[in-house]
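Q: sequence plus the predicted model coming up.
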Amino acid sequence: MPGTALYSVPAAIRLSGHLKVTALEQALQQIVARHESLRTTFTEAGSELLQVIHPERAHRLERHELGALAPSEQEETLARLSQEEGRQPFDLVQGPLLRTKLVRLAETEHVLLLTLHHIIADGWSAGVLIHELRALYGALVREQPPVLPELSIQYVDYAAWQQEHLTGDQKDALVSFWKQRLEGSPAVIALPTDRPRPKVRGYQGASQPIEFSRSLVEGLRTLAREENATLYMALLAAFQVLLSRSTGQADIVVGGSVANRNMPGTEGLIGYLANIVPLRVDLSGEPSFREVLRRVRETALEAYAHQELPLGMLIEELMPERSLGHTPIFQVIFTLTESFDDQFGMTGLATQVSEIDTGTAKYDLSLLLAEGRDGGVRGRLEYSTELYDRPKVEGLVRQLKEVLEQGVARPGERVGKLALVRGEERQRLLA
C-alpha cells in the first residue's frame with residue numbers, strides 16, 4: 001500500500017559501550033555494497049514494478065543527538081523517533097529501501113534504528129543483515145580484513161531461477177495440488193469481531209505481546225517429538241484449535257510463512273524469498289490435541305513440498321472472489337522464527353534488539369512468534385484495529401496459553417473439551 005508503513009520492517013538495536021560510529025557507518029556501507037537488493041529501487045511500467053539496480057549507492061547514517069536531555073526526556077524522544085521511523089512510508093521509486101538512524105543518548109549509549117522495506121527483505125534477511133553487521137563492524141574495529149565470503153549469487157539470480165523454474169509441467173503440478181487442496185475451503189474465517197468488517201480495509205493495526213515459558217515450550221517439544229513433529233507444528237496445532245473453538249468452524253485455513261531458500265546460495269542473501277502457504281486443517285470428528293497435531297504435521301509437510309508457488313501466483317490461478325474488505329484465501333497467519341539472539345553482541349558492545357510498532361496490520365490476526373535463547377517463545381499477536389479491540393485480543397492470548405498448557409498436560413483429551421477460560425476469568429464471565 002503506497003503511502004503507508006504496511007510493508008516496513010523496523011527494529012531498534014540498543015548499543016551499550018564505546019561505539020565506533022565511523023566503523024558502524026562503514027560496515028553498513030559495505031553491506032549495501034554486498035547486496036544488490038539494498039541498492040534497488042523500482043519503476044512503474046504499466047501495471048508492473050520493474051527493478052532498477054544501482055551500481056553504487058552511498059548509504060547515509062542519519063544521526064540524532066539526545067545527550068543533553070534528561071533521562072526521562074531522552075526516553076520520550078527516543079520513543080517518538082522510533083515510532084516516527086517505523087511509520088514513515090518508503091518511496092519505492094526514489095529509495096533508499098534501507099534506512100538507518102543513530103540516536104546518541106550518552107557517550108556509551110546509542111540506539112540504531114534500522115528499517116527495511118518488505119519488497120527487498122524478509123525475516124530471514126534481517127538475521128543475515130545483523131550477522132554481517134556484527135562481523136564487519138568487528139573486523140573494522142580490530143583493523144582486520146572483512147571476514148565474510150563473497151556471495152555466489154544475488155537476488156536477481158534467484159528471481160531469474162524462480163521465473164524459469166515455475167513454468168510448464170512444474171508450475172502445472174503445483175497449481176493442481178493447491179487447487180485440489182483448497183477446493184471448497186471457507187472464503188472468510190468467522191471469528192467474532194468487535195465491529196462489522198469494513199467494505200474497504202484501512203490496514204490500521206496494533207499488537208499484543210505474548211510469552212510462553214521454557215517449561216511449557218519444553219513440554220510442547222516433547223509432545224512434538226513423540227509425533228515426529230516440530231515445535232512449529234505444535235504451536236500451530238494449538239492456534240488452529242483456538243480458531244476452531246472461537247469460530248465454531250472445523251475447516252480452518254491459516255497462512256504459514258516458509259523461508260523458501262532451497263536454491264543453493266540463497267542462505268546468505270538479503271531479499272524477499274519467503275512465501276506464505278495456505279495450511280488447511282480439518283478439525284472435524286472431535287479429535288484429541290494429539291490427533292490435531294498429527295493432522296497439522298501432515299498438512300504442513302504437504303505444504304512444504306509444494307511451497308515454491310508464490311502466493312500471488314496462486315491467487316491469480318485460483319481466482320477467488322475478490323473483496324476489498326479481506327485478504328483472499330486466508331485472513332490469519334502464523335510464523336515462528338528459529339532461535340534468534342536479540343542480545344547478539346558486537347565487538348566492545350552489548351546489544352538489545354526490540355521491535356517497533358508500525359501501527360498497521362496486513363491480516364485480521366497475525367501470530368508472530370520467535371524462539372528465545374532462554375528456551376521460551378515470545379512474540380506478538382498483531383491484529384486489525386478495524387475489527388478488534390485490545391480486550392478481545394488479550395482474551396485470545398490467554399486462551400491460546402490455556403490450549404497449549406492443557407494440550408501438553410492432556411494430549412489425549414478431545415479439543416472440544418479443553419477449557420478456554422479458567423479461574424477468575426471464568427467466574428467473571430459467569431457472573
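A: On my side now, so go ahead.
Q: quick check: T230 touching A224?
A: Yes: here T230 reaches A224: they are 5.7 Å apart, a contact under C-beta atoms under 8 Å. Quick note: C-beta positions are derived from backbone N, CA and C, even for glycine.
Q: quick one: secondary structure of F334?
A: strand (DSSP: H, G, I helix; E, B strand; the rest coil).
Q: distance of it from G17?
A: As judged by C-beta to C-beta, to the nearest Å, F334 and G17 stand 37 Å apart.
Q: those two: which is more packed in?
A: Just comparing F334 and G17: by other C-beta atoms under 10 Å the higher neighbour count belongs to F334, 22 against 16.
Q: contact partners for the residue nearest to the more buried one when sequence neighbours are not counted?
A: With sequence-adjacent residues excluded and distances taken as C-beta to C-beta, 6 or more residues apart in numbering, F334 is closest to L367, at 4.7 Å. Residues touching L367, when contacts are defined by C-beta atoms under 8 Å, 6 or more residues apart in numbering, comprise 210, 239, 332-335, 379, 381, 400.
Q: just among these, which is most surrounded?
A: Counting by other C-beta under 10 Å, top hit in these: F239 with 25 neighbours.
Q: element containing that residue?
A: In this structure, F239 is located in helix 231-247 according to DSSP states H and E.
Q: next structured bit after that helix?
A: Using DSSP H and E, the helix or strand that follows helix 231-247 in sequence is strand 251-258.
Q: so what touches that next one?
A: With contacts defined as C-beta under 8 Å, 6+ apart, strand 251-258 is touched by 123, 182, 185-186, 189, 236, 239-240, 243-244, 274-284, 300, 303-304, 307, 311, 329-330, 332-335, 363.
Q: name the residues of stretch 327-345 that are buried.
A: 327-337, 342, 344 (16 or more other C-beta atoms under 10 Å).
Q: ok, now stretch 74-87?
A: 74, 78, 81-82, 85-87.
Q: report the secondary structure state of the residue nearest to F334.
A: Classification of L367 into helix, strand or coil gives strand, according to three-state DSSP.
Q: and the gap between it and L336?
A: In this structure, L367 lies at 9 Å from L336, with C-beta to C-beta as the measure.
Q: now do L98 against T4, distance only.
A: The gap separating L98 from T4 is 18 Å, by C-beta to C-beta.
Q: now do R63
A: When distances are taken as C-beta to C-beta, R63 and T4 turn out to be 26 Å apart.
Q: distance of R201 from W124?
A: From R201 over to W124 the distance is 27 Å, taken as C-beta to C-beta.
Q: equivalent analysis for V156, please.
A: In this structure, V156 lies at 18 Å from W124, with C-beta to C-beta as the measure.
Q: the more surrounded of the two?
A: W124 (23 against 14).
Q: with adjacent residues omitted, what lies nearest to K401?
A: Residue nearest to K401 in three dimensions, not counting chain neighbours: F212, with 6.9 Å by C-beta to C-beta, 6+ apart.
Q: what is the neighbour count of that neighbour?
A: Using other C-beta under 10 Å, F212 has 21 other residues around it.
Q: neighbour-wise, which of L98 and T4 wins?
A: Under the neighbour definition other C-beta under 10 Å, L98 and T4 were set side by side, and L98 has more, 25 against 16.
Q: which pLDDT does the model give the more buried one?
A: pLDDT recorded at L98 is 95.
Q: list the contacts for it?
A: Contact analysis of L98 by C-beta under 8 Å, 6+ apart lists 32, 38, 59, 114-117, 120.
Q: same check on E25?
A: For E25, the contacting residues are 59, 61, by C-beta under 8 Å, 6+ apart.
Q: quick check: which element contains it?
A: helix 21-34.
Q: extract the CA atoms of that helix and return them as PDB.
A: Coordinates of the C-alpha atoms in helix 21-34 are reproduced here as PDB (Å, rounded to 0.1, in the frame of the first residue of the first chain):
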ATOM      1  CA  VAL A  21      30.500   5.400  14.800                       C
ATOM      2  CA  THR A  22      32.700   5.600  11.700                       C
ATOM      3  CA  ALA A  23      33.200   1.800  11.800                       C
ATOM      4  CA  LEU A  24      29.400   1.300  12.100                       C
ATOM      5  CA  GLU A  25      28.800   3.600   9.100                       C
ATOM      6  CA  GLN A  26      31.500   1.800   7.100                       C
ATOM      7  CA  ALA A  27      30.000  -1.600   8.000                       C
ATOM      8  CA  LEU A  28      26.600  -0.500   6.800                       C
ATOM      9  CA  GLN A  29      28.100   0.800   3.600                       C
ATOM     10  CA  GLN A  30      29.800  -2.500   2.900                       C
ATOM     11  CA  ILE A  31      26.600  -4.400   3.500                       C
ATOM     12  CA  VAL A  32      24.900  -2.200   1.000                       C
ATOM     13  CA  ALA A  33      27.700  -2.800  -1.500                       C
ATOM     14  CA  ARG A  34      27.500  -6.600  -1.000                       C
END
